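S.K.: sequence and predicted structure are below.
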Amino acid sequence: MSWCDLSGPFLQSLAKLRSLSVIRLDENSISAPVPGFFANFSNLTVLSLTYCGLHGTFPKEIFQLPSLQSIDLSHNDQLDGSLPEFTRNGSLQYLNLWSTNFSGLLPNSIGNLKMLSIIAISDCKFTGPIPKSMANLTQLVSLSMPNNKLEGSIPSFSGAKNVVDIDLSNNSLTGTINSTHWRNLTKLSSLDLSSNKLDGNIPSSLFSLPLLDRLVLSNNQFSGPFPEISNVSSYLLNGPDLEIYLGSNNLEGPIPMSIFSLRRLWALDLSSNNFSGSFPLDGLHQLRNLSVLDLSHNNLFLTHDYTNFSYSSFSQLFELGLVSLKLRTFPNFLRNQSNLGILDLSNNQINGKIPNWIWFSDLRYLNLSCNSLDSLEVPSNNLSGLGYLDLHSNQFHGQIPIFPSLYSLFYLDFSRNYFSSIIPNTTGDMLVQTKFLSLSSNNLNGIIPESLCNSQFLQILDLSNNSLGGTVPRCLTTMSTLEVLNLRRNNLTNVNEFSHNCSLETLDISGNQIQGQFLKSLVHCTQLKVLNLGNNLIAEPFPCFLRNTSTLRVLVLRSNKFYGRIRCRKTNGTWPVLQIIDLAHNNFSGEVPGTALTTWQAMRNTKDNSPWMISDLQFGYSGAYYKEDTVMVSNKGLEMELVNILTIFTSIDFSCNKFNGSIPEEIGELKSLYALNLSNNAFTGAVPSSLSNLSELESLDLSKNKLSGQIPLELTKLTFLAFLNLSYNQLVGRIPSGAQFSTFDAASFEGNKGLWGPPLTAYNRTVFSPKMEGNHSNPGHEIDWDIICPEIGFTCGFGIAIGSLLFCKRWRKWYYRAMYNMLLKIFPQLEQRFGHHRRHVYVHQRYWRR
């Protein structure tokens, strides 16, 4: 009863049908758990429930029915379960759990299922090793277990001599490939071990398997040379298409010339390795069947003989990747390629003009980015099939080219060039299907044309870093498909209000001259993740109306004219995924509400215990990615552009405002905070000791406030602290020592008259100040012992010296004679000139003896 529009749940009355042998209910909306009474159907041979919306836990006992031969539960992604221990009398031949939520270990007893021929458990959550007992599955034909969490080494499948297809990709398998494990698999045609952690050399014996026509080992850690291909079977020479994918490994050395002996080679991917030496393009004419070739990201030098070479003898490629190979010109053999659909020559050194012949009629994907190209001819032929065009980071200048008939183009990137024209009014008319459009980082001027809204599928629009002016067209703020609008660093003056159907996830209009009339309409953008309004002329109170936007991750209001308090009503659950908030350089005032900070759950969770680990802000289209990649932050005393916002980076910047009161103790609950800047405000009271709980903190700036009391000793626990600024406050006492504090210089503490100790003073000293009780002492009435102690010492010493001369005769006599002899040594002429006065000296001495 498949495809019968049935709905669940299963009726209890079905339990009476004990003789049921076949249950097929595929493609029905059952949306219910599988009942346990199915395990009572002792004659059940076939159970097929694909695409039924099943949920709950699948009863294990059904797997153990001795009569069961086929079970298919695929495409029920809410269905949980695990595999039981299998008995030796099982009849199971077909097991399909593809795209379910099954988990746990694969039982070693799976080797008891001697009749099992097909295992399809891809896209599940199975863990642990692959059981070695699977070598006993002599009837196995297809083994498909990709996209799980399997670990350990790959066991031998030598007993499965009938296996045709093995797919263990996208797991965490480790170890090497044992060449002896594969010799008996004479019927193996496809082997996919990609995206694991396998290492060691690739055994050449894999190329000796007589029927192998697809080998996928990409995205591993294989090393060593490309194996020499010898003893190639006639099947590989004359059989069907052969595919070899070895990209993204650590293979090195030259590519062996024996590769050209694989006459039936259809696809060869050697990209992202360490291959070196020359690769003769002349040899490609031997591979007349070759359709896919990718040599990108290697150290290869492409060579060919210009004098004895016919481009017409080349195979007709469909896909060619020559990225990062230091090419200086377009390879000439491309002229004769009539079937080329995918061409990637990005990140080379090609300069000059894009030749007109490169616009192949079947072209689907063209990437010439990151070269030195400066001009192009607008093609005259029909490019209705072109879907992806990337020319970013070149040296194109002048007007933006207008391509005719780009009806299928979904991705267009002209960013980081030198285009200096207006955006043509007809741009949107030629981009009817476009989802991604970037003209950023050029010299474009004029206004944003409303025709861009004709791209009815537009999701990402990036016009940042230009000189565009005027008003953002209303049609852009009411477009329901738009997810990213980046207009950063232009000369825009106004933004229309956003409509109720707003789907924006990223809005960046920073670095313009915009005022804030539109601001309250942002309440309609309930899916916002990044909101950057920095460096504008917005004079509004704090946007409390955004408190219900639970998806907000980045909020930047810096360098505007915002004012008033930041306290909002009903803050429970506000911004649970917020990771960056920047209110710097505004006119905010009042106290910082501690209760609001406790709702920022993403900052409270540690890195290892965070449910908000959202991936980078990116949108993928057929391998194309866009990242919201620039936010200005103040970190470690510097203003810098944060490139690629990672979820692990968290920051609070309230600097350069008029906040007052004490720093809230609740800020110590934000355990994953990386940077905290509260400088240039009017905060008073003590530095909270709770800041010592910020175990990830790398930058702390509390400078230029009115903080008092001592620096908490607990701050020495901040072992990751790389920048500290407590200068120009009213702090007192000894500077804590040890750990990170020993790395900070005097600038971190200057401007606090009551602070002492390294690095402000060179050595420690004893302090005789009265004991201060708690933190209630007033630093304005403290005794400044740094000044008083030297004065007391001088007075005592002077008094002792004078008193000794007045009251001790022996000291007087010694002092007078010492001083007289010292003067004679300095001025000998006094002896001759004033010798007759000696008598008066002795008389004077006699007088003092009386």
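M.R.: Everything's here; your move. Note that this is a predicted model, so its numbers are computed, not measured. Numbering: from 1, shown residues only.
S.K.: helices along this structure, start to end?
M.R.: Counting by DSSP state H, the chain has these helices, from start to end: 234-238, 474-477, 594-597, 601-604, 785-807, 809-826, 829-833, 838-849.
S.K.: looking at these, which one has the lowest mean pLDDT?
M.R.: Per-stretch averages of pLDDT across those put helix 838-849 at the bottom, with a mean of 39.
S.K.: is it true that residue 547 touches residue 567?
M.R.: No: using C-beta atoms under 8 Å, residue 547 is not in contact with residue 567, being 11.1 Å away. Where C-beta positions appear, they are placed from N, C-alpha and C, glycine not excepted.
S.K.: which one's more surrounded, those two?
M.R.: With other C-beta atoms under 10 Å as the criterion, residue 547 and residue 567 differ in neighbour count, and residue 547 comes out ahead with 19 against 14.
S.K.: can you pull the contacts of that one?
M.R.: When contacts are counted by C-beta atoms under 8 Å, 6 or more residues apart in numbering, residue 547 touches 568, 570, 571, 574, 575.
S.K.: and which of the residues you listed is nearest residue 199?
M.R.: Minimum separation from residue 199 among those (C-beta to C-beta) is found for residue 575, which lies at 43.8 Å.
S.K.: doesn't residue 549 make contact with that closest one?
M.R.: Yes: at 7.4 Å, residue 575 counts as touching residue 549 under the criterion of C-beta under 8 Å.
S.K.: which one's more surrounded, these two?
M.R.: Per other C-beta under 10 Å, whichever of residue 575 and residue 549 has more neighbours is residue 575, with 23 against 20.
S.K.: which non-adjacent residue is nearest the more buried one?
M.R.: On the basis of C-beta to C-beta, 6 or more residues apart in numbering, the spatially nearest residue to residue 575 that is not a chain neighbour turns out to be residue 552, at 5.1 Å.
S.K.: against residue 578, how distant is the one you found?
M.R.: When distances are taken as C-beta to C-beta, to the nearest Å, residue 552 and residue 578 turn out to be 6 Å apart.
S.K.: the residue nearest to residue 575: how many residues sit nearby?
M.R.: 24.
S.K.: quick check, it in contact with residue 529.
M.R.: Yes: taking C-beta under 8 Å as the definition, residue 552 is a contact partner of residue 529 at 6.6 Å.
S.K.: endpoints of stretch 14-22, how far apart?
M.R.: Across its full length, stretch 14-22 reaches 13 Å end to end, with C-alpha to C-alpha, to the nearest Å as the criterion.
S.K.: cool, and stretch 682-690?
M.R.: Here the two ends of stretch 682-690 are set 20 Å apart, with distance taken as C-alpha to C-alpha.
S.K.: quick one: contacts of that stretch?
M.R.: Residues lying outside stretch 682-690 but in contact with it, judged by C-beta under 8 Å, 6+ apart, are 658-669, 702, 705-712, 714-715, 726, 731, 775.
S.K.: list only buried entries from these.
M.R.: For the contacts of stretch 682-690, burial is judged from neighbour counts taken by 16 or more other C-beta atoms under 10 Å, and it is met by 659, 663-664, 666-669, 702, 705, 707-712, 714-715, 726, 731.
S.K.: hmm, residue 477 is touching residue 496, no?
M.R.: Yes: assessed by C-beta under 8 Å, residue 477 is found in contact with residue 496 at 4.7 Å.
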